[in-house]
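*Asks:* predicted model and sequence below, questions to follow.
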Amino acid sequence: MQKSDLPASPSRASLAATAPSGILDGLRQQRAGEMSPGGLARDSVARAQASQAVLKAFTCINPALPDAAAAGPLAGIPFGVKDLMATADMVTANGSRIHAGHVPAADAWVVARLRSLGGFVTGKTVTTEFAWRQPGPTCNPWNTAHTPGGSSSGSAAAVAAGVVSAALGTQTLGSVIRPAAFCGVVGMKPSRGAIARTGVHPLSGSMDHVGVFARSVSDAGYLLSWLIGTDAADRHGVPLPAFSVAPETGIVPLEKPRFAVMHTTVFERASPAQKAVLASAADALRTAGAVVEPVELPAAFDTVWTDTMTLIDAEAAVIYGPICDRYPELVSAHVHGLVERGRQLRAETYLQAHDRQQALRDVFTQVLHDYDCVLTLPAAGEAPRGLDDTGDGSFCTPWSFLGVPAITMPVTLSENGLPLGVQLVSAYRNDLRLLRAARWCETVLGFSAACPIHY
């Protein structure tokens, strides 16, 4: 492929009329003959090229021309793929200087699945180093002086800015939910093991999830319905009950869902504006006919934050210890710290944390017995100013530790014009019910603000 074969980088003004639609809208456009699969993908590549100077959401953009005859349930839909997921035709650097220029021999399971369904990979999106704390260059499209969150920074920003219809990310602590909340898009972390992680660079086997970013709850649900699956090489894979989503109707909302409003022990760290959004959302949902009641987590859940870091530190030390030893000058202080903490842990401490993880997941299922899902905070507030830190993941930590499904959606803008949203969480493997409750919330709460940087 010669460089001259690629589409030229048009101006933002010339792309405005062809701003990418979400997944279901894109499929409807194709059925109506308004756009071809190849046209959707080519426009996305052009937007990716035009956005790079400001947004910096991609580590590389796909050099291949899209297949105009692409077929399948995701035919021609353009996606961003986090640079933690192996791609056989593009560099996968895992956000690290160590792997700069590395092109894997095969696609990650989820990437191969996406492509087999007709999806087009517009490019690889920026991740923090090894999905940990060292930020990449991506900025928030609502205000470029603010972080997009992390570690799935580029995926969230690319969807928010209209570069791709949806994107893949990963979450160990809050790396899907938090950047989705900061960038004003829908982000979903399904139950752990629902999407095979083969070919996705690990951070912590006990905590890692593959998740999705989308324009709407129905888009997220439709995508998840096609991506769920296990692989023998991922020993943590747990198949979800299969479900389907009709492209014409999207996710069917629950009727009068029941919400448990939960404030975890980090609630007081949230900004007044973020707390107010949660309270006003609860009032709006209650007025619309839902049951919305405060529910406390048992005191046993107070150990979640310590246990989470025990699992991550111990498992990351095994994965990244040899890398730190071999390339000490090419690894950030954040990853070195992770390894140092993990090497100091006793095996007994790790095993106890692992046992509590399963036990508390079962307890959580009982706590939610009378409710469809939890209504809670996705983050401490709006995206922090600056690009040196991706924000606080503590508000997502309990749900990642439990491995239960979680979704966030934008609700309003802060006084500074940055998105603020809510997070919904359900019991393990209750992903479809969560999506249906979220779809109901989406119709009640609404969100129509346009991202100021849009391609």
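*Replies:* Happy to help now that I have it. It should be emphasised that the depicted structure is a prediction, and the values quoted were computed from it without experimental measurement.
*Asks:* now do the same contact list for the spatially most central residue of the chain.
*Replies:* The geometric centre of the chain, computed from its C-alpha atoms, lies nearest to residue 176 (CA atoms, centre = their mean), at 2.7 Å. Listed by CB atoms under 8 Å, 6 or more residues apart in numbering, the contact partners of residue 176 are 152, 169-170, 187-189, 209, 211-213. From N, CA and C alone the C-beta is placed, and that goes for glycine too.
*Asks:* separation between it and residue 214?
*Replies:* From residue 176 across to residue 214, the span is 11 Å (CB to CB, to the nearest Å).
*Asks:* quick check: neighbours shared by the two?
*Replies:* Counting by CB under 8 Å, 6+ apart, the residues touching both residue 176 and residue 214 are 187-188.
*Asks:* may I ask you to confirm that residue 211 belongs to a strand?
*Replies:* Yes: Residue 211: assigned to a strand according to DSSP: H, G, I helix; E, B strand; the rest coil.
*Asks:* so how far is residue 28 from the closest residue to it other than its chain neighbours?
*Replies:* Nearest non-adjacent residue to residue 211, counting by CB to CB, 6 or more residues apart in numbering: residue 176, 3.6 Å away. Relative to residue 28, residue 176 is positioned 26 Å away (CB to CB).
*Asks:* so what's the residue count around residue 103?
*Replies:* 14 (other CB atoms under 10 Å).
*Asks:* chain neighbours aside, what residue packs nearest to it?
*Replies:* residue 91 (5.7 Å).
*Asks:* please apply the same query to residue 368.
*Replies:* residue 427 (5.0 Å).
*Asks:* next one: residue 436
*Replies:* That would be residue 254: by CB to CB, 6+ apart, it lies 4.3 Å from residue 436.
*Asks:* all strands for the stretch 151-300 of the chain, in order.
*Replies:* 166-171, 186-189, 209-214, 258-261, 291-294 (DSSP state E, counting those that start in this stretch).
*Asks:* the second one pairs with which strands, parallel or anti?
*Replies:* For strand 186-189, sheet partners with direction are given as strand 209-214 (antiparallel), strand 406-413 (antiparallel), following DSSP bridges.
*Asks:* state the mean pLDDT of the longest one.
*Replies:* To tie it back to what came earlier, the one meant is strand 406-413. Taken as a whole, strand 406-413 has a mean pLDDT of 98.
*Asks:* residue contacts, residue 74?
*Replies:* 23, 114, 117-119, 223, 226.
*Asks:* including neighbour count, pLDDT and distance to residue 52, could those residues go into JSON lines?
*Replies:* As requested, the contacts of residue 74 are exported to JSON lines (neighbours: other CB atoms under 10 Å; pLDDT from 0 to 100; distance: CB to CB, whole Å):
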{"residue": "23", "neighbour count": "30", "pLDDT": "98", "distance to residue 52": "23"}
{"residue": "114", "neighbour count": "25", "pLDDT": "98", "distance to residue 52": "22"}
{"residue": "117", "neighbour count": "17", "pLDDT": "97", "distance to residue 52": "27"}
{"residue": "118", "neighbour count": "19", "pLDDT": "96", "distance to residue 52": "26"}
{"residue": "119", "neighbour count": "29", "pLDDT": "97", "distance to residue 52": "21"}
{"residue": "223", "neighbour count": "29", "pLDDT": "98", "distance to residue 52": "25"}
{"residue": "226", "neighbour count": "19", "pLDDT": "98", "distance to residue 52": "29"}
